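Student: Show me how the following folds:
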Amino acid sequence: MTSLSPPKAAPDEARRKRTIAWVVGLATLGLIFDGYDLVVYGTVVSTFLRHPDEIGAVTPAAAGALGSYALVGVLVGALLAGALGDIVGRRKVMLAGYAWFAVFMIFTALATNTTIFGLGRFLTGIGVGALVGTTGALVAEFAPPGKKNLCNAITYSGVPFGSLLAALLGILLQESIGWRGLFWIGALPLVTLLPLAYFKMPESVAWLVSRGRIAQAEQVSARTGMPMPGHLPAAPATTTTVTTTTEAPRTAPAETGRAGYSGLFDRHNWSPTVLLGLTSAMVLLLVYSLNTWLPELMLRAGFNAKGSLAFLLVLNGGAVFGALFGSRFADRFGPKLVTAAFLLTGAVFIVALTLPVPLPVLLLFVALAGLGTSGTQILLFGFVANYYRTNVRAAGVAWCAGFGRMGGIGGPLIGGILIGAGFAVTQIFLILTGVALLGLVLVLMVPRHHRHAVPLTISPSATGDRIDFVAPS
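Tutor: Numbering: from 1, shown residues only. Got it, this is the predicted structure:
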């Protein structure tokens with residue numbers, strides 16, 4: 001008889017830190033391209049509105065629809081990733097996502113009419129959604145205790161950083177390489193990120209344990225320095241005795257509680273799941289309204305083309321620095337309070353954009369509006385990724401990313417409808433302020449999460465010696 005020994009107490013620290021750095025770095029780079037691919041449309045929409053020889057005549061309403069097609073794809077991709085990520089693993093979904101969105105950025109760059117362009121945006125969005133809906137779960141399972149919100153903030157800051165990059169490259173390169181060249185840049189992960197991730201991004205040890213694949217989890221733990229969880233997952237019964245032999249494979253029961261979406265909507269989780277999904281929808285409505293239409297709104301307010309793109313750059317710069325700053329407080333005081341504070345900041349400074357102030361002050365207001373919109377979404381992903389147990393974590397992040405895209409889809413559409421209907425810039429900003437306040441109310445309603453423990457008793461020998469582990473439900 002061979003005993004099932006408890007996890008090692010002191011894994012190779014240097015190897016663990018190196019693994020975390022690779023995982024967080026690759027995940028961040030992936031979301032930089034995600035942010036670039038989604039927001040590059042906002043940098044070229046004014047070109048489509050004014051130059052029908054590019055992909056055909058485009059009205060404001062049609063431009064809003066084209067902007068939303070990618071977000072419909074994100075919704076589909078994120079929800080699919082949530083179903084698959086907790087079953088086949090985070091790594092496989094992420095590698096597939098990198099390849100998918102890069103290929104369809106090329107497809108979009110070759111479009112000659114609005115139909116092909118819209119189809120390309122939708123298909124690109126599926127790959128983007130798969131990444132956004134899986135990355136938070138993976139990073140939460142590699143991040144060290146006390147730094148989980150910080151690691152998620154670093155990773156999801158890739159989205160507004162990619163948006164910032166799209167605005168910057170639009171200012172510098174659009175005249176020389178055109179809108180097609182900007183879309184070709186979005187395909188670079190196919191020859192850069194994908195090969196690196198294939199060799200350097202391991203599967204999550206916590207996920208492998210949650211699926212009962214203990215032997216494989218131990219192999220990955222030994223290779224990466226990531227510790228085995230401090231418990232083995234519990235079986236449905238309150239107490240279980242596991243006995244192993246030298247011939248038997250080393251396995252353990254799957255994590256207690258239903259996995260994936262069925263666990264996400266069980267009696268413990270359905271209420272916060274609905275509230276977090278609605279909060280995400282409100283925030284993403286703000287994010288994609290501003291990222292799609294802010295350059296056009298500023299053009300209508302009297303700024304030139306490059307100046308209007310500069311506002312987009314400042315908006316996303318504020319999101320990056322704000323989220324990294326706020327994540328430190330989220331780890332200390334909890335993400336709910338900090339997320340609520342960010343939403344309040346967004347509401348205050350979106351309405352402040354209606355004030356007649358000097359340009360430097362206006363740019364500061366735009367940066368703080370970015371902190372309260374895209375920055376809030378970054379904190380929200382960290383909130384969700386650390387709210388749920390392991391076997392529903394990917395589904396929870398995917399739900400937040402996927403259902404939230406209902407608001408993201410509405411953002412470009414609503415902006416196009418309001419502009420087409422003749423609403424003034426001031427009126428549009430006031431409407432967006434109301435959306436931010438609604439999001440604030442929703443996030444304050446999310447209940448405090450209570451984790452329930454279920455003991456798992458393992459008998460490592462025939463002598464009756466016992467080792468007790470505790471697994472979260």
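
Student: mind listing the strands for the chain?
Tutor: 453-458, 467-472 (DSSP state E).

Student: mean confidence for the last one?
Tutor: This means strand 467-472. For strand 467-472, mean pLDDT rounds to 36.

Student: where does the stretch 351-473 of the chain have low pLDDT?
Tutor: 449-473 (pLDDT under 70).

Student: again, only using 50
Tutor: 450-473 (pLDDT under 50).

Student: any idea which residue sits dead centre in the chain?
Tutor: Centrality entry for the chain: nearest residue to the mean C-alpha point is residue 132, 3.7 Å, by C-alpha atoms, centre = their mean.

Student: And that one, how close does it get to residue 206?
Tutor: Separation of residue 132 from residue 206 (C-beta to C-beta, to the nearest Å) stands at 20 Å. From N, CA and C alone the C-beta is placed, and that goes for glycine too.

Student: do residue 446 as well
Tutor: The gap separating residue 446 from residue 206 is 23 Å, by C-beta to C-beta.

Student: average pLDDT across stretch 223-243?
Tutor: Within the predicted structure, the mean pLDDT of stretch 223-243 is 55.

Student: cool, and stretch 36-56?
Tutor: The pLDDT scores in stretch 36-56 average 82.

Student: And stretch 209-217, by the same measure?
Tutor: Averaged across stretch 209-217, the pLDDT comes to 83.

Student: Let's see it as CSV, backbone CA atoms only.
Tutor: What follows is stretch 209-217, C-alpha atoms only, in CSV (Å, rounded to 0.1, in the frame of the first residue of the first chain):
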residue,chain,number,x,y,z
VAL,A,209,-7.0,19.1,-8.9
SER,A,210,-10.6,20.2,-9.2
ARG,A,211,-11.0,17.7,-12.0
GLY,A,212,-9.5,14.9,-9.9
ARG,A,213,-6.4,14.7,-12.1
ILE,A,214,-4.0,14.5,-9.2
ALA,A,215,-1.1,12.8,-10.9
GLN,A,216,-1.0,15.3,-13.7
ALA,A,217,-1.4,18.2,-11.2
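
Student: That stretch: which residues count as buried?
Tutor: Neighbour-count burial for stretch 209-217 flags 209, 210, 211, 212, 213, 214, 216, 217 (criterion: 16 or more other C-beta atoms under 10 Å).

Student: ditto for stretch 141-153
Tutor: The neighbour-count criterion (16+ other C-beta under 10 Å) identifies 141, 142, 143, 147, 148, 149, 150, 151, 152, 153 as the buried residues of stretch 141-153.

Student: and which of those is nearest residue 402?
Tutor: Residue 402 lies nearest to residue 152 out of the buried residues of stretch 141-153, by C-beta to C-beta, at 17.4 Å.

Student: Identify the residues contacting the residue nearest to the closest one when sequence neighbours are not counted.
Tutor: The shortest distance from residue 152 to any non-neighbouring residue, by C-beta to C-beta, 6 or more residues apart in numbering, is to residue 382 (3.4 Å). Counting by C-beta atoms under 8 Å, 6 or more residues apart in numbering, residue 382 makes contact with 136, 140, 148, 149, 152, 153, 156, 327, 330, 335.

Student: I'd say residue 154 and residue 29 touch.
Tutor: No - the pair residue 154 / residue 29 is not scored as a contact, 11.3 Å apart, by C-beta atoms under 8 Å.

Student: Compare neighbour counts for the two and give me the winner.
Tutor: Counted by other C-beta atoms under 10 Å, residue 154 and residue 29 do not tie: residue 154 has more neighbours, with 23 against 20.

Student: so residue 165 touches residue 34, yeah?
Tutor: No - checked against C-beta under 8 Å, the pair residue 165 and residue 34 is beyond contact range at 11.3 Å.

Student: Need phi/psi at residue 57.
Tutor: phi -70, psi 130 (degrees, to the nearest 10).

Student: burial of it, as a residue count?
Tutor: Count around residue 57 with other C-beta under 10 Å applied: 12.

Student: Would you mind measuring from it to residue 118?
Tutor: As judged by C-beta to C-beta, residue 57 and residue 118 stand 14 Å apart.

Student: Same question for residue 379.
Tutor: Distance of residue 379 to residue 118, given as C-beta to C-beta: 32 Å.

Student: More neighbours: which of the two?
Tutor: Neighbours per residue, other C-beta under 10 Å: of residue 379 and residue 118, the larger number sits with residue 379, 29 against 21.

Student: Nearest residue to the more buried one in space, please, no chain neighbours.
Tutor: Distances taken as C-beta to C-beta, 6+ apart place residue 339 nearest to residue 379, at 4.7 Å, with adjacent residues excluded.

Student: That neighbour against residue 376, yeah?
Tutor: Yes - here residue 339 reaches residue 376: they are 6.0 Å apart, a contact under C-beta under 8 Å.

Student: Look at these two and report which has more neighbours.
Tutor: Set residue 339 next to residue 376 and count neighbours by other C-beta under 10 Å: residue 376 wins out with 36 against 28.

Student: Find the nearest non-adjacent residue to that one, please.
Tutor: Spatial nearest neighbour of residue 376, excluding adjacent residues (C-beta to C-beta, 6+ apart): residue 342 at 4.2 Å.

Student: can you pull out the helices in the stretch 101-250 of the chain?
Tutor: 114-142, 148-156, 158-185, 193-200, 205-210, 214-224 (DSSP state H, counting those that start in this stretch).

Student: Out of the ones you listed, the one nearest residue 76 is which?
Tutor: Between residue 76 and the helices of the stretch 101-250 of the chain, the shortest gap by C-beta to C-beta is with helix 114-142, which sits at 5.5 Å.

Student: taking the mean pLDDT, what do you get for that closest one?
Tutor: For helix 114-142, mean pLDDT is 87.

Student: From the contact counts, what lies against it?
Tutor: helix 13-50, helix 60-88, helix 90-109, helix 148-156, helix 205-210, helix 374-385, helix 390-420 (3 or more C-beta pairs under 8 Å, 6 or more residues apart in numbering; DSSP states H and E).
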